[in-house]
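Novice: How does the following fold in three dimensions:
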Amino acid sequence: MITALRAVCGWKPVRPFSLVAASVLLMPVGCTTPERAQSAMAPPAVPVSTGIAVEETVPIEIQSVGTVEPFMAVEVKPQVGGQLLNARFVEGADVSKGDLLFEIDPRTYRAALRQAEAAVAKDLAQLNQAEANLARDRAQLKNAEADAARYAELGKRGVAPRMQTEQTRTAAEMAAESVRADEAAIVSARAALESDRAAVERAKLDLGYCEIRTPISGRTGNRLVHPGNVVKANDTTLIVINQIVPIFVAFGVPERQLDIIAAKNAARRLPVRASFEDADKIVHGTLTVIDNKVDPATGMIRLKAAFNNDERLLWPGRFVNVVLTLDTQKATVVPAEAIQAGQQGPFVYIVKQDQSVEPRPVSAGRGAGSKVIIEKGVAPGETVVTDGQSRLYPGAHIQAASAPKAGGQAR
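Specialist: Purely as a prediction, here's the structure:
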């Protein structure tokens with residue numbers, strides 16, 4: 001029996017014992033083969049989730065944080081001074097171009113208009129008088145010139161006295177000067193008439209400015225001045241109107257990306273999407289403005305994208321996440337959960353044929369939705385661990401929760 005134990009179990013007694021004692025000692029020990037011993041010593045497989053690296057067409061995108069800006073913003077100020085009588089709008093409501101917002105006391109401006117119109121009437125009367133004087137003096141000039149010519153002829157013949165000839169010539173010259181004076185008076189009267197007519201137009205404008213109307217269609221804000229207050233012309237902001245349909249989103253990108261953005265935008269309108277931290281909604285627009293200079297302090301170039309904003313999701317002053325899509329490319333992608341941070345940089349756990357894992361350094365690019373582009377380190381078709389990495393080590397065996405799907409992960 002001892003010989004058999006030696007052959008099977010490799011047992012060697014240290015000291016001679018009696019057969020009975022040896023049998024008693026050997027009973028709890030039992031026999032184990034080398035294969036069973038190795039199996040008993042191996043740690044259990046680690047349950048993990050996995051995914052497969054795939055090659056996909058992914059967009060080339062630039063991500064940034066933007067600020068919503070109104071398409072147009074107008075500070076409404078009075079163009080004439082006076083007491084504010086009424087406010088004809090609701091705060092925070094939509095208004096259309098030309099809608100009445102405020103009324104200023106018009107009595108002073110009505111009086112100024114009547115005064116200007118009276119001045120025009122007076123100028124017309126003076127002009128008519130000057131024209132009548134001109135007609136009278138021209139008739140007198142014609143008669144004086146005829147008398148002067150007749151007496152000059154008589155004077156040559158020695159019939160008329162020389163003094164009478166001189167008097168008629170002087171009378172003709174005086175009549176001519178009167179005509180020139182009348183013509184000058186008419187020019188002056190016409191100038192005065194034009195000036196007073198302009199004053200009438202200005203008075204009409206001022207009277208019209210007593211009704212303050214919205215210059216654009218948009219949305220009103222808070223009323224900044226209430227009825228009863230006296231306002232000055234071009235001094236006090238009464239309300240701010242923002243046009244929010246359409247609307248802008250302004251954002252900055254690094255100057256190194258300016259060349260490719262300008263080239264792609266020259267070929268076609270680049271799509272832009274905006275999303276919110278506290279909502280799942282995504283709005284779509286297009287790049288419309290590339291600023292004409294780079295900010296030297298930050299090295300950023302300012303861009304603007306226009307959005308229809310029909311659903312009124314974008315609001316001036318709100319921060320949004322912006323994604324500018326430049327083009328598409330073929331790339332290897334893995335689930336974002338597969339990327340791990342290590343001392344030597346990012347890495348992933350690759351699942352080998354024998355269901356063991358090995359860590360492999362990777363060069364991770366930008367994100368593409370729930371996936372990450374792998375620029376170097378993983379080939380399409382390879383399986384990566386997406387969950388349970390904290391319990392793994394080089395050579396560890398894994399047990400996937402279910403068969404991984406291409407481009408996704410198994411749970």
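Novice: Point out where this structure drops to low pLDDT.
Specialist: Applying pLDDT under 70 to the chain flags residues 1-42, 402-411.
Novice: now the top strand by length along the chain, how far from the chain's geometric center?
Specialist: Across the chain, the longest stretch assigned as strand under DSSP state E is strand 54-76. Averaging C-alpha positions (Cα atoms, centre = their mean, to the nearest Å) puts strand 54-76 8 Å from its chain's average.
Novice: so what does it touch, helix or strand wise?
Specialist: strand 218-220, strand 239-254, strand 300-307, strand 319-335, strand 363-368, strand 371-376 (3 or more Cβ pairs under 8 Å, 6 or more residues apart in numbering; DSSP states H and E). (Glycine included, C-beta is placed from N, CA and C.)
Novice: mind checking which of the ones you listed is nearest Asp123?
Specialist: With Cβ to Cβ, the closest approach to Asp123 among these belongs to strand 239-254: 40.7 Å.
Novice: ok, back up a step: between the helices and strands packed on strand 54-76, which gets nearest to Arg150?
Specialist: Comparison of these against Arg150 by Cβ to Cβ identifies strand 239-254 as nearest, at 80.0 Å.
Novice: so what does the closest one touch, helix or strand wise?
Specialist: In this structure, strand 239-254 makes packing contacts with strand 54-76, strand 218-220, strand 279-295, strand 300-307, strand 319-335, judged by 3+ Cβ pairs under 8 Å, 6+ apart.
Novice: if you skip the residues just before and after it, what's nearest to Ala274?
Specialist: In this structure, Ala274 finds its nearest non-sequential neighbour in Val320, 4.3 Å apart by Cβ to Cβ, 6 or more residues apart in numbering.
Novice: again, but for Val48
Specialist: Closest to Val48 by Cβ to Cβ, 6+ apart is Gly388, at 3.6 Å.
Novice: hang on, the earlier thing: please report how far the residue nearest to Ala274 lies from Leu326.
Specialist: Counting by Cβ to Cβ, to the nearest Å, the gap between Val320 and Leu326 amounts to 19 Å.
Novice: For those two, indicate the residue with more neighbours.
Specialist: Val320 (23 against 18; other Cβ atoms under 10 Å).
Novice: The more buried one against Ala279, yeah?
Specialist: No: assessed by Cβ atoms under 8 Å, Val320 is found out of contact with Ala279, at 10.0 Å.
Novice: can you put the helices and strands packed on strand 239-254 in TSV and add distance to Asn265?
Specialist: TSV is the format used below for the helices and strands packed on strand 239-254 (distance: least, Cβ to Cβ, whole Å):
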stretch	distance to Asn265
strand 54-76	12
strand 218-220	28
strand 279-295	6
strand 300-307	9
strand 319-335	9
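Novice: Phe251 reaches Ser64, doesn't it?
Specialist: Yes: contact criterion Cβ under 8 Å: Phe251 and Ser64 qualify, at 4.3 Å.
Novice: and for those two, which residues touch both?
Specialist: 322, 324 (Cβ atoms under 8 Å, 6 or more residues apart in numbering).
Novice: who has more neighbours, those two?
Specialist: Using other Cβ under 10 Å as the criterion, Phe251 and Ser64 rank with Phe251 on top: 25 against 18.
Novice: mind checking how far that one is from Ile261?
Specialist: 12 Å.
Novice: what do these two both touch?
Specialist: Counting by Cβ under 8 Å, 6+ apart, the residues touching both Phe251 and Ile261 are 303, 324.
Novice: Which of the helices and strands packed on strand 54-76 sits closest to Lys77?
Specialist: strand 239-254 (9.4 Å).
Novice: between that closest one and strand 300-307, how many degrees?
Specialist: 130 degrees (axes from the mean of the first three to the mean of the last three Cα atoms, to 10 degrees).
Novice: If anything else comes up later, I'll come back, but that's it for now.
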